[in-house]
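**Student:** take a look and give me a structure for this.
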Amino acid sequence: MLTAIFSQFGMSIINGVLDKFLDAFKAYENKQISIEELRARLYEAMLGAVKEIEVAHADALVTTYQAFMGALAQSPLMQRVWATAVLSQLFVLVYHQFGIPLIVLIVRATYEPRWQYPSSGTTVEWAYLLLGALMGMGPMVLRAGPGAGSLADRLKAMVGAGRA
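**Tutor:** Residues are numbered from 1 along each chain as shown. Modelled structure (predicted):
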């Protein structure tokens, strides 16, 4: 998705950042600003570029979701497939929350007190993710995991803006 954003907006973002960088370096070379001001201007230019990318990313997610929901509203087949997927994943989650503990309780009380249900693996995690995606929480799902947080926050962490 970011590739599509960069291909659409990339040159304007690069040109804008490059112009700001060049202006800051020229001002520094001409002794109009100090090294600290140069750092601040470069940092501002990078944050501005990151903000533009974040806005483009959010717009792309909104457009994609609107297109999907528009197609879903028009297609009875897509409505049936969507409903089947939602209901099947709800069944998986309900079974995992209530069915498995009930089976374990019955087997332990009746046959073997130390019996354990085999692991479900990542089935439940996939069910939550798929259900979230089907319910329109794609942006939330995309913001989860190791890449969580905005690009601006990650850039600040990389350049050490939080350090004194």
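
**Student:** residue 51 and residue 36: what is the separation?
**Tutor:** The gap separating residue 51 from residue 36 is 22 Å, by C-beta to C-beta, to the nearest Å. In this view, the C-beta of every residue, glycine as well, is placed from N, C-alpha and C.

**Student:** between these two, who's got more neighbours?
**Tutor:** residue 51 (14 against 8; other C-beta atoms under 10 Å).

**Student:** and the nearest residue to residue 134 once chain neighbours are set aside, what is it in contact with?
**Tutor:** Excluding its sequence neighbours, the residue lying closest to residue 134 (C-beta to C-beta, 6 or more residues apart in numbering) is residue 86, at 5.2 Å. If you count contacts by C-beta atoms under 8 Å, 6 or more residues apart in numbering, residue 86 has them with 131, 134-135.

**Student:** could you point out which element follows the lengthiest helix in the chain?
**Tutor:** When the chain is parsed with DSSP state H, its longest helix is helix 35-74. As assigned by DSSP states H and E, the chain's next helix or strand after helix 35-74 is helix 76-94.

**Student:** so how far is that next one off the chain centroid?
**Tutor:** Distance of helix 76-94 from the chain centroid (C-alpha atoms, centre = their mean, to the nearest Å) equals 23 Å.

**Student:** please save the CA atoms from that helix in PDB.
**Tutor:** What follows is helix 76-94, C-alpha atoms only, in PDB (Å, rounded to 0.1, in the frame of the first residue of the first chain):
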ATOM      1  CA  PRO A  76     -25.600 -10.200  -3.400                       C
ATOM      2  CA  LEU A  77     -22.800 -12.800  -3.800                       C
ATOM      3  CA  MET A  78     -20.300 -10.600  -1.900                       C
ATOM      4  CA  GLN A  79     -23.000 -10.100   0.800                       C
ATOM      5  CA  ARG A  80     -23.400 -13.900   1.200                       C
ATOM      6  CA  VAL A  81     -19.700 -14.500   1.300                       C
ATOM      7  CA  TRP A  82     -19.100 -11.700   3.700                       C
ATOM      8  CA  ALA A  83     -21.900 -13.000   6.000                       C
ATOM      9  CA  THR A  84     -20.600 -16.500   5.800                       C
ATOM     10  CA  ALA A  85     -17.100 -15.500   6.700                       C
ATOM     11  CA  VAL A  86     -18.300 -13.300   9.600                       C
ATOM     12  CA  LEU A  87     -20.600 -16.000  11.100                       C
ATOM     13  CA  SER A  88     -17.900 -18.700  10.700                       C
ATOM     14  CA  GLN A  89     -15.300 -16.600  12.500                       C
ATOM     15  CA  LEU A  90     -17.800 -15.800  15.300                       C
ATOM     16  CA  PHE A  91     -18.500 -19.500  15.600                       C
ATOM     17  CA  VAL A  92     -14.700 -20.200  16.000                       C
ATOM     18  CA  LEU A  93     -14.400 -17.500  18.700                       C
ATOM     19  CA  VAL A  94     -17.500 -18.600  20.600                       C
END
